[in-house]
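Participant: give me the fold of what follows.
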Amino acid sequence: MTARAPWAADPERSKGRLHKEQSGSERGPRDAFQRDRDRIVHSISFRRLRHKTQVFMAPDGDHFRVRLTHSIEVAQIGRTIARALGLNEDLTEALCLAHDIGHPPFGHAGEDALKAALAARGGFDHNGHTLRALTRLDSPYPCWQGLNLTWDALEGLAKHNGPVAAPGWALAAADSEMPLALTTWPSLEAQVAALADDIAYDNHDIDDGLRAGLLHLDQLLAVPLVARGWDAVCARYPDVDRGRLIGELVRSQIGTMVNDLIAETQRSIAAARIESIDDIRAAGHALARFSDRMGEDERILKRFMYANLYHHANQLSAATAAHGIVAGLFAAYRDDPARLPPEWRDRLPEAEPDRSRHIADFIAGMTDRYAIRRYEEIAGPVALPEGF
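Facilitator: Numbers count the residues shown, from 1 in each chain. Predicted coordinates:
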């Protein structure tokens with residue numbers, strides 16, 4: 001086992017939780033970051049991810065990824081990287097598992113609809129809503145709102161993509177309650193979680209795109225990273241049918257990206273003469289990174305995926321339908337709050353912007369299938385493209 005690096009997050013030196021809790025081991029001998037991870041795994045918000053869009057909306061096939069399976073895959077990749085770099089694996093895993101909790105139904109299409117609906121009320125973004133869900137909305141404990149995660153977990157979720165100069169209202173509210181030093185860089189655990197997310201969806205979306213028939217191998221071979229990986233896989237297994245090598249291509253490509261990230265991050269830590277986690281936050285730039293060549297390869301792959309999968313005609317058609325569902329639900333609940341379930345209707349604020357934000361909170365927590373069901377009750381049948 002790799003020894004813990006001096007710049008790794010340390011649960012014994014955590015800045016703690018907003019609400020003081022009783023000490024003791026009545027629920028098992030776990031440290032603060034292990035408790036964070038376990039609270040996320042046991043939360044309602046995490047369970048809902050099993051029916052939220054990753055790439056395909058309400059897919060017919062059982063083998064397509066959803067937000068839940070994606071988050072688990074990100075955690076597996078993140079933990080591997082954290083172990084190799086001597087970081088705190090539990091905090092890394094917690095951040096990976098929670099990073100998509102703020103996504104509304106239908107992924108980015110649903111987010112765009114809520115952003116438009118709240119345009120005059122401060123807007124909506126899934127990262128800010130992750131903090132809102134974990135600090136306010138998901139409240140299983142008797143004495144406080146939210147999961148009462150450590151400062152270190154909330155900081156990592158708030159700025160895993162780097163410093164936040166202009167936080168939206170949801171993130172600003174979390175920061176006002178427990179200041180998260182939004183203008184500095186986060187821990188290496190948070191930086192690794194962000195890149196593990198990239199590695200996971202860059203590669204697993206290839207797998208799902210091929211399975212759905214929206215991508216084809218011959219197309220993908222125009223991408224240099226994929227072409228090199230495919231040549232290497234075919235050379236290792238020259239007598240195996242091409243169809244059986246797709247999984248090996250995806251696995252191999254993940255390994256290549258992980259190894260590059262580990263090696264380049266080790267170089268950047270050494271070059272910056274990092275000695276503590278405070279040095280990580282004060283570095284002024286990200287220290288977890290790909291090499292220049294891999295960074296360019298990954299950008300080319302992303303451009304290909306946007307052009308050929310995420311913006312495929314089938315996907316755009318589904319996104320249009322999904323946008324209409326979420327926008328229609330918001331309008332229906334705004335115009336007639338009696339349609340809200342009693343527990344949400346009884347807590348509906350009188351004044352704006354809290355009133356509209358409360359309605360958006362309800363919708364953002366919906367799964368794809370629940371949103372479709374509620375919309376059909378209000379407006380009638382939903383027409384999503386066949387198979388998605």
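Participant: what's the pLDDT at the residue of the chain positioned farthest from its centre?
Facilitator: What lies farthest from the middle of the chain is Asp239; by C-alpha atoms, centre = their mean that is 38.7 Å. As predicted, Asp239 sits at a pLDDT of 94.
Participant: now it: how far from Leu245?
Facilitator: Per C-beta to C-beta, to the nearest Å, Asp239 is found 11 Å from Leu245. No exception for glycine: its C-beta is placed from N, CA and C like everyone else's.
Participant: same question, Arg30
Facilitator: Distance of Arg30 to Leu245, computed by C-beta to C-beta: 42 Å.
Participant: cool, His126 as well?
Facilitator: For His126, the distance to Leu245 equals 35 Å [C-beta to C-beta].
Participant: of these two, who's got more company?
Facilitator: His126 (21 against 17; other C-beta atoms under 10 Å).
Participant: check that one and give its pLDDT.
Facilitator: 96.
Participant: contacts only, for it.
Facilitator: Asp100, Gly102, His103, Pro104, Glu111 (C-beta atoms under 8 Å, 6 or more residues apart in numbering).
Participant: name the nearest residue to Arg334, ignoring sequence neighbours.
Facilitator: Using C-beta to C-beta, 6 or more residues apart in numbering and skipping the chain neighbours, the partner closest in space to Arg334 is Ile359 (6.0 Å).
Participant: give me the residues contacting whatever helix or strand the one you found lives in.
Facilitator: Following DSSP states H and E, one finds Ile359 within helix 354-364. Residues from elsewhere that reach helix 354-364 (C-beta under 8 Å, 6+ apart): 102-105, 110, 114, 117-118, 121-122, 124, 129, 132-133, 137, 169, 326, 329-330, 333-334, 337, 340-341, 344, 347-349, 371.
Participant: among the residues you listed, which lie within helices?
Facilitator: 110, 114, 117, 129, 132, 169, 326, 329-330, 333-334, 344, 371 (DSSP state H).
Participant: would CSV of the residues you listed with distance to Gln76, neighbour count and pLDDT be doable?
Facilitator: Converted to CSV, the ones in helices among the contacts of helix 354-364 look like this (distance: C-beta to C-beta, whole Å; neighbours: other C-beta atoms under 10 Å; pLDDT from 0 to 100):
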residue, distance to Gln76, neighbour count, pLDDT
Gly110, 26, 29, 95
Leu114, 30, 28, 98
Ala117, 35, 21, 98
His129, 25, 24, 98
Arg132, 27, 25, 98
Trp169, 34, 17, 98
Val326, 31, 26, 97
Leu329, 34, 27, 98
Phe330, 35, 20, 98
Tyr333, 38, 23, 98
Arg334, 41, 14, 98
Trp344, 35, 16, 97
Ala371, 29, 25, 95
